[in-house]
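Visitor: sequence and predicted model, in that order:
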Amino acid sequence: MGLKVRLIGCCTAAILLVTALLASSASASKPETNYIGLGDSLAFGYTQQKFEENYPTESPTAFEEGYVTLLGKKLHKLEKEAGNNLNTIDLGCPGEVSDGLIGHNEAFGGGPGAEFDPCAYHNVDGFPLHYEHGSSSQLEAAFGIVSAAPSATKVVTINIGSNDELKVVHLCEEPKYIKEQGYGSTFECIALEAGEKGRYYSGGAFFHIISNTGAVIAALRHAGYTGPVAILGFYNPYTFILEDSDLLQQILNEHFEEAIAEGELGSGVVYANPFSTINPQGNEAKEHRTICKYTEMCNAHDIEVNNKAEEAKGETPRNEGDIHPTEQGYKFLAKLLYEALGH
């Protein structure tokens, strides 16, 4: 009786081993597919508090709540059902401007000068990224991935331009720049710099952002990518700090949507606009609640740190938190993109 039991046990173990090997073989043979996320700190998953808590190592594993990671999990399930194994390639870089995302390669729309230096967060400050690509720009890295196996990339998302806007805002907060350019006020400066009469960016900041986004998409199409491109639109965390700033952000979103509708960015491009949810118009109290819900602007830790920094510079504290999304905000952005992609 004991021998029989041992024989049954051995047979069972052998069957389980074969099953495990077959399952492992099947898993290993699944086609590898890619989701590429291009962008700035939102793609990276950055928040001020997490950065300060993890300084100076800044392991990317501390920033896994960004919309690219969250959307990647949703897309992974879909690819698994299709028999594929999806890799999420998060190229996001905190602080990235649209010129830096493109880099110096003139064939991609890049150019000389510091404006086109890619990812200072990594290449100057030395902090690690989710996906290391050396001194190459995000676009150069994405172009290499796509051109190596064009059909493997299934989805591309892009969010870029907020730091271009912030550059203009900071310029317009400088009395010297306002005086040099002959602007009457900070708001006039921001409004004119955003539009066609902008002087810092030729054609204005809005044109600059949309044009560069188009150049990124064109380069990826040239590499052989034929799938969908989802662009994440803009919200305004500065509603109660910069007067009438909602209007400017609305206009940028509208310009982007118009460019996509008219085919200026090519086919297969969709737009995920978070503005109406994060910045509902017509009710200031409600908008304040949604900004606090979806962004870290009301984060007590960030407000205290930022107020102390402003006081140290002799400035009046603005009670300003962090412009980046909360955990709930990042989930919302991922959901918005997922729906824009038709899921």
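Guide: Alright, I've got the coordinates.
Visitor: going forward, measure contacts between C-alpha atoms and count neighbours the same way
Guide: Will do.
Visitor: so where do the strands sit in the stretch 151-300 of the chain?
Guide: With DSSP state E, counting those that start in this stretch as the criterion, the stretch 151-300 of the chain has strands at 153-159, 229-232, 269-272, 295-296.
Visitor: following the shortest one, which helix or strand comes up?
Guide: Spelled out, it's strand 295-296. Using DSSP states H and E, the next helix or strand after strand 295-296 towards the C-terminus is helix 300-312.
Visitor: list the helices and strands that following helix packs on?
Guide: With contacts taken as 3 or more C-alpha pairs under 8 Å, 6 or more residues apart in numbering; DSSP states H and E, helix 300-312 sits against helix 48-54.
Visitor: what residues of the helix it packs on count as buried?
Guide: Using 16 or more other C-alpha atoms under 10 Å as the test for burial, helix 48-54 gives 48-49.
Visitor: look at residue 187 and report its pLDDT.
Guide: Looking at residue 187, its pLDDT is 89.
Visitor: rewinding a little: a markdown table for the strands of the stretch 151-300 of the chain, including mean pLDDT, distance to residue 205 and mean neighbour count?
Guide: Output for those, formatted as a markdown table (pLDDT from 0 to 100; distance: least, C-alpha to C-alpha, whole Å; neighbours: other C-alpha atoms under 10 Å):
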| stretch | mean pLDDT | distance to residue 205 | mean neighbour count |
| --- | --- | --- | --- |
| strand 153-159 | 98 | 15 | 22 |
| strand 229-232 | 98 | 17 | 24 |
| strand 269-272 | 98 | 19 | 21 |
| strand 295-296 | 98 | 24 | 25 |
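Visitor: residue 165: which of those strands is closest?
Guide: When these are compared by C-alpha to C-alpha, strand 153-159 sits nearest residue 165, at 12.9 Å.
Visitor: which regions of the stretch 201-343 of the chain lie under the pLDDT threshold?
Guide: Scanning the stretch 201-343 of the chain for pLDDT under 70 picks out nothing.
Visitor: could you rerun that using 90?
Guide: Applying pLDDT under 90 to the stretch 201-343 of the chain picks out residues 240-244, 315, 318.
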